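S.K.: I would like to see how this sequence folds:
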Amino acid sequence: QVQLVESGGGLVQAGGSLTLSCAASGRTFSNYAMGWFRQAPGKEREFVGGVSRGGGSTYYADSVKGRFTISRDNAKNTVYLQMNSLRPEDTAVYYCAATRVVITVYADRYDYWGQGTQVTVSS
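M.R.: Residues are numbered from 1 along each chain as shown. Sure thing, here's the model as predicted:
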């Protein structure tokens, strides 16, 4: 089992920045690629981005590319989502997730999920 706990969400004005953290406990964190997803009210959960086990590879959805950065610190069992130039359409609950396979955009390929943290971007 891997337990994931997100933090860092909140209310920010458009154009602002926010950094989310996801702390992992349980099995060996470095055995898992990590993904960030988000879900806005009335919408399906969507892939935001992901980072490989060692942190050397990242992949982003087109909607956030150039604005969001994912990183991980395996010594601290933590993955981060740095969000810049935030837009109202970024408003959602953000989830981190762990997968035994490589980074994937498919939510059903992830084995463990956090409880989510709310990000609200005001216009």
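S.K.: Tell me what the most centrally placed residue in the chain is bridged to.
M.R.: Per CA atoms, centre = their mean, the C-alpha nearest to the average position across the chain is that of Trp36, at 2.5 Å. Here Trp36 sits in beta bridges with Gly49, Cys96, as judged by DSSP bridges.
S.K.: was I right about it contacting Thr69?
M.R.: No - counting by CB atoms under 8 Å, Trp36 sits too far from Thr69 to count as a contact (10.7 Å). C-beta here means a position set from N, CA and C on the backbone, and glycine is covered the same way.
S.K.: joint contacts of those two?
M.R.: Leu81 (CB atoms under 8 Å, 6 or more residues apart in numbering).
S.K.: Gly54: what secondary structure?
M.R.: Secondary structure, DSSP: H, G, I helix; E, B strand; the rest coil: Gly54 is coil.
S.K.: Identify the residue nearest it in space, chain neighbours excluded?
M.R.: Ser30 (7.1 Å; CB to CB, 6 or more residues apart in numbering).
S.K.: check contacts around that neighbour.
M.R.: Going by CB under 8 Å, 6+ apart, Ser30 touches Arg53, Gly54, Asn74.
S.K.: Neighbours of the last one, how many?
M.R.: When neighbours are counted by other CB atoms under 10 Å, Asn74 registers 16.
S.K.: list the contacts for it?
M.R.: Applying CB under 8 Å, 6+ apart to Asn74 gives the contacts Phe29, Ser30, Gly54, Gly55.
S.K.: Just the buried subset of those residues, please.
M.R.: Phe29, Gly55 (16 or more other CB atoms under 10 Å).
S.K.: which among the contacts of Asn74 gets closest to Asn84?
M.R.: Distance to Asn84, by CB to CB, is smallest for Gly55 among those, at 19.3 Å.
S.K.: And the closest one, how close does it get to Ile103?
M.R.: 11 Å (CB to CB, to the nearest Å).
S.K.: Check the offset of the helix or strand hosting Ile70 from the chain's centre.
M.R.: Taking DSSP states H and E as the criterion, the element that holds Ile70 is strand 68-73. In terms of CA atoms, centre = their mean, to the nearest Å, the gap separating the centre of strand 68-73 from the centre of its chain is 8 Å.
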